[in-house]
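1. got a sequence here, can you model it:
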Amino acid sequence: MTAPDCSNFPHQDLVSLADWTAEDIQRVFSVACALKADREGFNTLLSGKRLALIFEKDSLRTRMTFDLGIQQLGGSAVYLDHRHERLGARESVPDMAHNLERWVDIIVARTYRHRHVAELADHASVPVINGLSDLLHPCQALADLLTLHEKWDGQLAGKKLVYIGDGNNTCHSLLHAAPKLGMHMTVCTPEGYEPNFKVMESARDAARAMGVSLEHTSSPQEAATGAHAIYTDVWASMGQEDETEERAAVFIDYQVDEDLMSYTDDAFFMHCLPAHRGQEVTAGVLDGPSSIVFDIAENRLHAQKAVMALLLLGQSAAPATTPELAEVNA
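-> Take a look at the predicted model:
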């Protein structure tokens, strides 16, 4: 099988999808589908490339899929455990970047503070991928949308994606990407848990440019009406454990259950996992026929392989900046 075209990709890093175009995202889908279709055929595509995994947070899907992904393409990975010593505590983030760029070819960072991922990208001469920060989760959004791309035979335009729950990092990255692909999007949150204002404004600009709707509501039933895909996430993310009881009381009316799914247009159910049955989603929905959560989990592998291939082989120009995000959560 012919190797996918990874040349002339216009980005060096994946810190945010805010500055990625629809064409950039579609390139990821194209390469991911090619790599997925022939899982053994490209085992030298990134031969000899070395990946550094810097993780402040626990992980199953992100760590496994990046580690296995680089191996399946002929490279190797080294894991740096920063769960007990945060980035910047022992050594400055710029100094870490300058060290790592001498030893490895690409870096994935899973951090609490978004600015630490941005600092790594600013100072490292090798590609940096945001494996999750408290602001954004771009790799998850790419896997989510790749899965819908597969389910709908590439026809994302005109579909309605509804996100219900906390306006968190996953929600933000979906907002950065879905409207650019021509999808209508509705975000449904309780008061006080809305997405970041600057992220919403950026998404509104993209939605206006594409002629699609972007709405916010506090009514799950209103949001779910006519939806083609319903997405939710945990009510308390890592780092918010002390808010678990408080959030459970706030979000109880935002549970995705069978009744809420009945308002949709035979929608797929989506979740980035891990999920808590009986909290943000019922077992009947999570384990039911509309659920595509494990398809999404599998596609983390293929989407991230595509991102690594594009960033490493793309001969990219200097990355674009996103000043609207530079000061967020600094």
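2. ok, the residue nearest to residue 88 when sequence neighbours are not counted - how many residues close by?
-> Once flanking residues are discounted, residue 88 sits nearest to residue 116: 6.5 Å by CB to CB, 6 or more residues apart in numbering. Every C-beta, even on glycine, is put in place using the N, C-alpha and C of the backbone. Around residue 116 there are 22 other residues, counting by other CB atoms under 10 Å.
3. repeat that for residue 71.
-> 14.
4. also the one 10 residues further on?
-> Number of residues near residue 81 (other CB under 10 Å) recorded here: 10.
5. ok, the residue lying closest to it once chain neighbours are set aside - contacts?
-> Nearest residue to residue 81, sequence neighbours excluded (CB to CB, 6+ apart): residue 55, at 6.4 Å. Shown in contact with residue 55 (CB atoms under 8 Å, 6 or more residues apart in numbering): 62-63, 79-83, 109-110, 131.
6. quick check, pLDDT for residue 55.
-> If you check residue 55, the pLDDT there is 96.
7. any figure for the gap between it and residue 98?
-> Note on residue 55: its distance to residue 98, by CB to CB, to the nearest Å, is 20 Å.
8. same check on residue 246?
-> Applying CB to CB to residue 246 and residue 98 gives a distance of 42 Å.
9. can you check residue 144 too?
-> The value you get for residue 144 to residue 98, if CB to CB is used, is 34 Å.
10. more neighbours, these two?
-> Counted by other CB under 10 Å, residue 144 and residue 98 do not tie: residue 144 has more neighbours, with 28 against 13.
11. then the more buried one would be within a strand, right?
-> No. Secondary structure of residue 144 (DSSP: H, G, I helix; E, B strand; the rest coil): helix, not part of a strand.
12. okay if I get the contacts of residue 55 as CSV plus distance to residue 138, pLDDT and secondary structure?
-> Supplementary listing: the contacts of residue 55 in CSV, determined by distance: CB to CB, whole Å; pLDDT from 0 to 100; DSSP: H, G, I helix; E, B strand; the rest coil:
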residue, distance to residue 138, pLDDT, secondary structure
62, 11, 97, helix
63, 16, 97, helix
79, 21, 97, strand
80, 20, 94, strand
81, 23, 89, strand
82, 20, 80, coil
83, 22, 76, coil
109, 12, 97, strand
110, 12, 96, strand
131, 9, 98, strand
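13. for the stretch 201-330 of the chain, which spans come out with low pLDDT?
-> Low-confidence segments of the stretch 201-330 of the chain, defined by pLDDT under 70: 238-239, 315-330.
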